[in-house]
Each structure stands twice: as structure tokens, then as C-alpha cells.
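sequence and predicted model, in that order:
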Amino acid sequence: MNHKFFLLFILILLFEGCQIQKSNFNNDFNWTIDFPVEYNRVSNTDWLEKVQQSGELIEKYNNVEFKNQSVPIFIFKSKSDYFESTRTKYEGSRENYINYLTENFQLQIQPLKDEIPEIKIDYAVDTISISNLEFFYQKSTIIYPNGAKRTLESFNRLFEDNNELSINIIYVDKEFGDKFKFALLNSSFEK
């Protein structure tokens, strides 16, 4: 009898150490991704309010009109770290898509540069394959005057009918960033 309890105890310890993930599916892109369950999902309503606040800053600092046309898919949060995936109908030409992404990045970063001119931004672009699909990849690390760092990793792809999938991982906590990037890079898109 003691052996059974010991075996049960060992099994419980093993399962406690496992990182449990929850599988999520999105019909728009036939996308399946397994998220770590220890992070909080954010409601679409709460997220859209946050996007609107950011849009007001973009308007103020760039003298442009902000019109949010993105539809939230999966949004997760931990303290000040976020995983955001959205769908947007891209209205430009496929040839101008990369320029559009680069310009959007500049619009988003300008308010920060204006408020804190001493910040440094390390910026890199590349392409990355996820489930045999090519995504445009941008990584920026913002280094504040006090040495604090915040990283934004963006993954964008234009699908059929100009539907854009935009995925952003924004983090201070590297563990958060690593877990969500791992989940993304191991996700799948069915044809």
C-alpha cells in the first residue's frame, strides 16, 4: 500500500513541474497555438480601450489621424508584458507592405522619442518561418536612460485577400518573451 502512495506522490511532483499549455484555434488563419496557462488572457473590450489610448498618443505626436481597424484574436498579459495577435484588412498593395510596416513602427515609436529624447533603440528586421510560412520580423529593444529595457518583437504576414496577421510580443520580463515566442514559433497554420 505504501508503494502506491509513493508512486502517486512521484507522479504528482512530475506533473506539477510540467508546463501546461492550452491549445487555441483561430478560424481566420487556420492557426493553432498552445499558450502557457500561467498568464492572463485580456478581454477584447479591455484591449481595444488600450489601443485607443495608444492611438491618441500617436495622433498627438505625429499629427495624423488614428483609425484602429484591427480585430483582436489572442491577447495575454502579465504585469507590463503583452502578447497581442490581431487581424487587419490591409488596403495597400502587396509591393508596399514592408514599407507600411516600417512606417507604422516609426509612428508608434515617435511619441516615446519625443517624451524621452535620451532613449536608445536597437532595431533589426528579418524574415522568419513559422509553420513553413514566411513572416516579416521586427525586433526593437528600447533602452531607457536608467538602463531599463523593453523589447518588442513583431511578426507580420499578409495572407490571401489582404488579411494581415500581426503578432506582437512586448516585454520587460525575458521569460515571458521567451515563452510566448516559443509558443508562436511552434504554432501551426493549416492549409
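Perfect, I can see it now.

dump whichever strand or helix holds residue 182 to CSV, keeping only the CA atoms.
Assigned by DSSP states H and E, residue 182 belongs to helix 174-185. Taking C-alpha atoms only, helix 174-185 is exported to CSV below (Å, rounded to 0.1, in the frame of the first residue of the first chain):
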residue,chain,number,x,y,z
LYS,A,174,12.6,37.9,-20.8
GLU,A,175,11.0,34.7,-19.5
PHE,A,176,7.6,36.0,-20.7
GLY,A,177,9.0,36.9,-24.1
ASP,A,178,10.8,33.5,-24.4
LYS,A,179,7.7,31.5,-23.5
PHE,A,180,5.4,33.3,-26.0
LYS,A,181,8.0,33.3,-28.7
PHE,A,182,8.4,29.6,-28.3
ALA,A,183,4.6,29.1,-28.4
LEU,A,184,4.4,31.2,-31.6
LEU,A,185,7.4,29.5,-33.4
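
average pLDDT across it?
Helix 174-185 shows a mean pLDDT of 97.

please identify the buried residues of it?
176, 177, 179, 180, 181, 183, 184 (16 or more other C-beta atoms under 10 Å). C-beta coordinates here come from the backbone N, C-alpha and C atoms, glycine included.

now, among these, which is nearest to residue 24?
Using C-beta to C-beta, residue 183 is the member of the buried residues of helix 174-185 that lies nearest residue 24, at 9.6 Å.

do I have it right that the closest one meets residue 37?
No: counting by C-beta atoms under 8 Å, residue 183 does not reach residue 37; the two are 10.9 Å apart.

ok, for the residue positioned nearest the centre of the chain, nearest residue in space, not its chain neighbours?
Nearest residue to the geometric centre of the chain (C-alpha atoms, centre = their mean): residue 168, 2.3 Å. With C-beta to C-beta, 6 or more residues apart in numbering as the criterion, residue 168 has its nearest non-adjacent residue at 4.6 Å, and that residue is residue 84.

run the chain-centre distance for the helix or strand containing that neighbour.
If you go by DSSP H and E, residue 84 is part of strand 81-89. A distance of 6 Å separates the centroid of the chain from that of strand 81-89, by C-alpha atoms, centre = their mean, to the nearest Å.

just the buried positions in it, please.
Within strand 81-89, the residues that count as buried by 16+ other C-beta under 10 Å are 81, 82, 83, 84, 85, 86, 87, 88.

that strand pairs with which strands?
In the sheet, strand 81-89 lines up against strand 71-78 (antiparallel), strand 163-171 (antiparallel) (DSSP bridges).
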